[in-house]
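Engineer: sequence plus predicted model, see below.
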Protein chains: 2
Amino acid sequence: MKITQIRNATQIIEFGGKKFLIDPMLSAKNTWPGFEGTARSEIRNPMVDLPLEISSLLEVDAIIITHTHPDHWDQAAVDTIPKDKLIYVQNENDEALLRSQSFKNLVVMNKNSRLGDVELIKTECQHGSDEAYSNPQLAELLGDASGVIFRHHQEKTLYLVGDTIWIKAVEDNMRKYLPGVVIMNTGWAHVLGYGAIIFGKEDLIRAHLVLPEARIIATHMEAVNHCLVTRQEIREYAQINHIQDFVLAPEDGESVTF
Amino acid sequence: MKITQIRNATQIIEFGGKKFLIDPMLSAKNTWPGFEGTARSEIRNPMVDLPLEISSLLEVDAIIITHTHPDHWDQAAVDTIPKDKLIYVQNENDEALLRSQSFKNLVVMNKNSRLGDVELIKTECQHGSDEAYSNPQLAELLGDASGVIFRHHQEKTLYLVGDTIWIKAVEDNMRKYLPGVVIMNTGWAHVLGYGAIIFGKEDLIRAHLVLPEARIIATHMEAVNHCLVTRQEIREYAQINHIQDFVLAPEDGESVTF
């Protein structure tokens, strides 16, 4: 497999002979304001430009949208992506949203999804703490998110964990599917008053403890206002915790292969 | 009350007319090696010298030792502190240790401890994750730790939380005793392979969510090898999460009063 970091959670994944675009956020730098009610909302998003031409990102077999927050699916993506592109979404709500945006070739992921020989197993996320979800207004904003297990007989299993904090379901999936490669969104995005809504640095250690042989790709950093962890911090943290051989934090435009 | 940060978890607390020395680590800079099996163990401890003469720290009514790890109770403390000094310890094991070190005036704390009019209520800690305690050797090393609720009719209630990660008992104590001031050990000390064994930055938000009016004193930073969070990082984190009016991270030698 080949995983190319694009920007934030946007990645190109080549796996089992298929090519996927993940979570396209395609706006130019500084297009929209910081997320209201989150850390550093005075910073505009995206914080950096794309490292590649948008056209090169669209030469894929399918797009996977783990959820439709604007840092995973933005207006530029809606405007740019051909309406007949094959797009996998997490649930009927997101399907309805994309249908309203005139997309016509939609698949709602489940435990038995696939594209050709590639299995695409939808997994559970929790996009914030129990306390955050106990606030009804915030629960509505955080909503549902999903991850995906990629399986193919000629590849190691890949677990794209998605926008989530560390929950039992994540650990259970790691133990059940035993992925050799794990993509973790470690930007430690913060909502004011409620803390992190995605992984932070310590979750790398949690994952490594469950999957001591797996390679971990850290992503969703240095691109939107509320993410407080940088790739350099990830690398230093991995080094001082002696897990640097298992953790990669590719720069935008950089590829890793397994 | 007046709380003076000394170094690491060592503090002087003046409360209800009594003066307490907390967790004396009294060695000179670089006296002993970094904790084996922890992050940055190549760094010697303590990382800095004391900000005051040791003699000035011993003019107290009593000493409280939350647990006897060497960054809370070290050989220099054993050698320097008069053997008849009144010392509160967390349990019979620590009492036996101090008795073997020839200390004679020991009190094992419980739910009904006091010094004169000051109530000293022992509270529970968990000095590492469930995964860390599931490793028998590490569980033995981590051992027990404790916190203390200070109560007096002329003072706000003070919760010295101790060396712990965020657990339900900590939250329950906050809700039960409603402290106006909370001392949190936020150095995010890391054991290799198992992550944090004391609070980190995000626990400030957790505490503020439970006790939105309380002032939080962050301590146990920048003095021993495995603590990965600095006071400057605490202040920046509080600022970007809009809780800077509730969080203080005093420098060594600095006092705060409430």
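Structural biologist: All right, it came through fine.
Engineer: against A:I197, how distant is A:N93?
Structural biologist: Relative to A:I197, A:N93 is positioned 19 Å away (CB to CB, to the nearest Å). Just so you know, the C-beta spots here come from the backbone N, C-alpha and C atoms, and that holds for glycine as well.
Engineer: more neighbours, the two?
Structural biologist: A side-by-side neighbour count of A:N93 and A:I197, using other CB atoms under 10 Å in any protein chain shown, places A:I197 first with 27 against 14.
Engineer: is the more buried one in contact with A:W166, as I believe?
Structural biologist: No - distance between A:I197 and A:W166: 12.0 Å, which falls outside the contact criterion (CB atoms under 8 Å).
Engineer: which phi and psi values does A:S255 adopt?
Structural biologist: A:S255 adopts backbone torsions of phi -110, psi 150, taken as degrees, to the nearest 10.
Engineer: list the residues that contact it.
Structural biologist: If a contact means CB atoms under 8 Å, 6 or more residues apart in numbering or on different chains, then A:S255 has A:K2, A:I3, A:T4, A:Q5 as its contacts.
Engineer: so how do I select the buried members of those residues in ChimeraX?
Structural biologist: Of these, the buried ones go into a single ChimeraX selection, burial set by 16 or more other CB atoms under 10 Å in any protein chain shown:
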select /A:3,4,5
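Engineer: looking at the contacts of A:S255, which are in strands?
Structural biologist: With strands identified by DSSP state E, the entries of the contacts of A:S255 that belong to them are A:K2, A:I3, A:T4, A:Q5.
Engineer: let's have those in a markdown table, adding distance to chain B.
Structural biologist: What follows is those, written out as a markdown table (distance: CB to the nearest CB, whole Å):
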| residue | distance to chain B |
| --- | --- |
| A:K2 | 30 |
| A:I3 | 25 |
| A:T4 | 30 |
| A:Q5 | 25 |
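Engineer: could I get the pLDDT score of the residue lying closest to A:A39 once chain neighbours are set aside?
Structural biologist: Closest residue to A:A39 apart from its sequence neighbours, by CB to CB, 6 or more residues apart in numbering or on different chains: A:H190 at 3.9 Å. Model confidence at A:H190, given as pLDDT, is 98.
Engineer: before we move on, what about A:T219?
Structural biologist: In the prediction, the pLDDT value recorded for A:T219 is 98.
Engineer: got a list of what the residue of the stretch 1-150 of chain A found nearest chain B touches?
Structural biologist: Proximity to chain B, evaluated over the stretch 1-150 of chain A using CB to the nearest CB, is greatest for A:A39 at 4.8 Å. Contact criterion CB under 8 Å, 6+ apart gives A:A189, A:H190, A:V191, A:L192, A:N225, A:H226, A:L228, B:I240, B:N241 as the residues in contact with A:A39.
Engineer: what do you get if the cut-off is 6 Å, keeping everything else the same?
Structural biologist: Each residue near A:A39 by CB atoms under 6 Å, 6 or more residues apart in numbering or on different chains is listed here: A:H190, A:H226, B:I240, B:N241.
Engineer: which of those sit farthest apart?
Structural biologist: Maximum pairwise distance in those, criterion CB to CB, is 10.1 Å, between A:H226 and B:N241.
Engineer: surely A:L86 is in contact with A:N105?
Structural biologist: Yes - if you go by CB atoms under 6 Å, A:L86 and A:N105 touch, sitting 4.8 Å apart.
Engineer: and the nearest residue to A:L211 once chain neighbours are set aside, how many residues sit next to it?
Structural biologist: Spatial nearest neighbour of A:L211, chain neighbours left out: A:M174 (5.3 Å); criterion: CB to CB, 6+ apart. A:M174 is surrounded by 19 other residues when neighbours are defined as other CB under 10 Å.
Engineer: flag every buried residue along whichever helix or strand A:M174 is part of.
Structural biologist: Of the helices and strands defined by DSSP states H and E, A:M174 is found in helix A:168-177. Within helix A:168-177, the residues that count as buried by 16+ other CB under 10 Å are A:V170, A:E171, A:N173, A:M174, A:Y177.
Engineer: show me the contacts for the second one.
Structural biologist: With contacts defined as CB under 6 Å, 6+ apart, A:E171 is in contact with A:V210.
Engineer: and the residue lying closest to A:N110 once chain neighbours are set aside, its phi and psi?
Structural biologist: Spatial nearest neighbour of A:N110, chain neighbours left out: A:K122 (5.6 Å); criterion: CB to CB, 6+ apart. For A:K122, the backbone dihedrals are phi -70, psi 140 (criterion: degrees, to the nearest 10).
Engineer: give me the number of residues near A:K122?
Structural biologist: Counted by other CB under 10 Å, the residues lying close to A:K122 total 22.
Engineer: from A:C227, how far out is it?
Structural biologist: Relative to A:C227, A:K122 is positioned 24 Å away (criterion: CB to CB).
Engineer: what's the answer for A:T123, then?
Structural biologist: Plainly put, A:T123 is 22 Å away from A:C227 if you go by CB to CB.
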